[in-house]
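Participant: sharing a model prediction with you, sequence too.
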Amino acid sequence: MKHHQHNPNYHFIEDPVEFNKYTAKELLQYCLGAVLYMPGTKNIIDSILSKNSPAPSMVMDFEDAIRGEDLTAAETNVLEHLEQLSDALNTGLISQDDIPLIFLRVRSPEQFRSFAARLAVNQAKILSGFVFPKFDSNNGNEYLSCLESINNETGDVLYGMPILEGSTVTLKETRSDELNRIKTLLAASRNMILNIRVGGADFSSIFGVRRGINYSIYDIMTVRDCLSDILNYFIRKGEEYVVSAPVWEYFLADKKESLDHLLEGNIHRSLLQRSSIVNEAIDGLLREVILDKANGFVGKTIIHPSHLKYVNAMQAVTKEEYEDAVQILDTSGGVIKSTKSNKMNEINPHRNWAKKIVQRAKAFGVIENEAAYLKLIFG
């Protein structure tokens, strides 16, 4: 897989790399980008076999996206997909690089164990891992123990991605203790944790609120506090995980022909000043992704394929960011003027930021400047 395949002729300063489930975890955790969620009953086998995957990374869902009575059909559908992809891989019809990162959101620890018993070794080779809904200190050990067993039994690499979205994380009086317990649980299984995900819709549900199309998740104060604390616990220096941003719920079609006059503009300035770029839904998504990145999130859950190119394009690194990061990592200490001579690069305080920028650059590429984001999106 490789990001930005919707615009194959785009000229990068540094090209994004190809990746698959066996890419080193240090880089792979940054490669997820926009993760497309879809019902486990959905048939996507033809698109993958034709090397036209709906997304480089995706989740086939056994939980909220399907009805309880459709669970058996969803499990059967997923296993058939994995079997057909395994056959195609073995016969040379596709390569490992043609297979998207496929994760399964399980329904509960019990359903996870039941499904794991049906998973064959050849099917596990296709799968990248599992997503654990409403992960907390009560069910976390069950999820992680089962994941460890699957890895041991198949001899393969299967990652876990816990979703923090339950009430004990949401409510202020229990949040700190719960996040401490979750952090301890995850630390014992660190090598299996690819990404931590957050459930913005579930947080909002507890408070009976929902962000409108003209607001970001950061405008909802109770939800913002949850997200802030999760980031504080899981991206701090020396203990950092990659944490993915919550889903944006709105989608409308875009019209490329009306955007030519905007392609030279400063997308960050335009969005933050609420100048129109595409339409309310896409502008809101782009504005929220800017705030996601500013706060330390990497990538985002998406529920509509039209969001893919926007979220992944915005993960690309500008040339100035990249040059600053490389300069910081190549300097032993002290303070140095940036390559553009417009800022101070303080080596030790900025080193953690620089490491993350370089990894994101590998995953999503380096572009000229902020005006290039729209060019990458629309070609």
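Facilitator: It's in.

Participant: ramachandran coordinates for Phe130?
Facilitator: Dihedral angles of Phe130 (phi, psi; degrees, to the nearest 10) stand at phi -130, psi 150.

Participant: now Glu18: closest residue in space that isn't a chain neighbour?
Facilitator: In this structure, Glu18 finds its nearest non-sequential neighbour in Lys2, 4.8 Å apart by C-beta to C-beta, 6 or more residues apart in numbering. All C-beta spots, glycine's among them, are computed from the backbone N, C-alpha and C.

Participant: let me fix that, I meant to ask about Gln84.
Facilitator: Ile45 (5.5 Å).

Participant: do Gly296 as well
Facilitator: Per C-beta to C-beta, 6+ apart, closest to Gly296 is Ile235, 4.8 Å.

Participant: next one: Ile13
Facilitator: Val366 (4.1 Å).

Participant: can you check Tyr22 too?
Facilitator: Val157 (6.4 Å).

Participant: ok, that neighbour touching Leu147?
Facilitator: No: when contacts are counted by C-beta atoms under 8 Å, Val157 is not listed as touching Leu147 (11.1 Å).

Participant: all strands for this structure, in order.
Facilitator: For the chain, the strands defined by DSSP state E occupy 34-39, 57-61, 101-105, 129-132, 159-164, 196-198, 243-244, 300-302, 317-318, 335-337, 344-346, 366-367.

Participant: now for the fifth one, which elements pack on it?
Facilitator: In terms of contacts (3 or more C-beta pairs under 8 Å, 6 or more residues apart in numbering; DSSP states H and E), strand 159-164 is packed against strand 101-105, strand 129-132, helix 140-154, helix 172-187, strand 196-198.

Participant: the fourth one now?
Facilitator: With contacts defined as 3+ C-beta pairs under 8 Å, 6+ apart, strand 129-132 has these neighbours: strand 101-105, helix 140-154, strand 159-164.

Participant: okay, buried residues for the second one please.
Facilitator: Pointing back at helix 140-154 there. For helix 140-154, a neighbour-count test (16 or more other C-beta atoms under 10 Å) marks 140, 143-144, 146-148, 150-151, 154 as buried.

Participant: and which of those is nearest Arg107?
Facilitator: Set against Arg107, the nearest of those by C-beta to C-beta is Tyr143 (11.5 Å).

Participant: so that closest one sits against Phe135, correct?
Facilitator: Yes: the criterion here is C-beta under 8 Å, and Tyr143 meets it with Phe135 at 6.5 Å.

Participant: anything in contact with each of the two?
Facilitator: The overlap between the contact sets of Tyr143 and Phe135 (C-beta atoms under 8 Å, 6 or more residues apart in numbering) consists of Pro162.

Participant: how much space between Arg118 and Lys51?
Facilitator: Per C-beta to C-beta, to the nearest Å, Arg118 is found 28 Å from Lys51.

Participant: can you give me the helices for the stretch 151-300 of the chain?
Facilitator: Taking DSSP state H, counting those that start in this stretch as the criterion, the stretch 151-300 of the chain contains helices spanning 167-170, 172-187, 200-207, 221-234, 267-272, 280-295.

Participant: nearest to Asn9, of the ones you listed?
Facilitator: Among the helices of the stretch 151-300 of the chain, helix 267-272 comes nearest to Asn9, with 20.5 Å by C-beta to C-beta.

Participant: so where's this protein uncertain?
Facilitator: The chain contains residues with pLDDT under 70 at 253-267, 269-270, 272-273, 275.

Participant: domain boundaries for it, per the record?
Facilitator: 1-16+316-379, 25-258+271-315 (automatic domain parsing).

Participant: number of residues surrounding Ile118?
Facilitator: That one is not Ile; residue 118 is Arg. 11 (other C-beta atoms under 10 Å).

Participant: which residues touch the closest residue to it other than its chain neighbours?
Facilitator: Using C-beta to C-beta, 6+ apart and skipping residues adjacent in sequence, the residue nearest Arg118 is Leu79, 6.4 Å away. By C-beta under 8 Å, 6+ apart, the contact set of Leu79 is 118-119, 123.

Participant: roughly how far apart are Leu79 and Gly365?
Facilitator: From Leu79 to Gly365 the distance is 35 Å (C-beta to C-beta).

Participant: please apply the same query to Arg181.
Facilitator: 38 Å.

Participant: more neighbours, the two?
Facilitator: Gly365 (24 against 15).

Participant: the residue with the largest distance to the centre of the chain: what's its closest spatial neighbour, skipping adjacent residues?
Facilitator: Within the chain, Gly334 marks the point farthest from the mean C-alpha position, 33.9 Å out by C-alpha atoms, centre = their mean. Spatial nearest neighbour of Gly334, excluding adjacent residues (C-beta to C-beta, 6+ apart): Ile347 at 5.7 Å.

Participant: any idea how far the one you found is from Trp353?
Facilitator: Ile347 is 11 Å from Trp353, by C-beta to C-beta.

Participant: common neighbours of the two, please.
Facilitator: Ile328.

Participant: which residues touch Ile150?
Facilitator: Taking C-beta under 8 Å, 6+ apart, one finds 116, 119, 124, 158 in contact with Ile150.

Participant: the second one contacts Asn151, correct?
Facilitator: Meaning Leu119. No: with contacts counted by C-beta under 8 Å, Leu119 stays clear of Asn151, the gap being 11.4 Å.

Participant: what's the burial count for the nearest residue to Leu286 once chain neighbours are set aside?
Facilitator: Spatial nearest neighbour of Leu286, chain neighbours left out: Leu271 (5.5 Å); criterion: C-beta to C-beta, 6+ apart. Residues lying near Leu271 (other C-beta under 10 Å) number 21.

Participant: how many neighbours does Thr222 have?
Facilitator: So Thr222, with other C-beta under 10 Å, has 15 neighbours.

Participant: and it, what does it touch?
Facilitator: Contacts for Thr222 (C-beta under 8 Å, 6+ apart) come out as 203, 207, 209.
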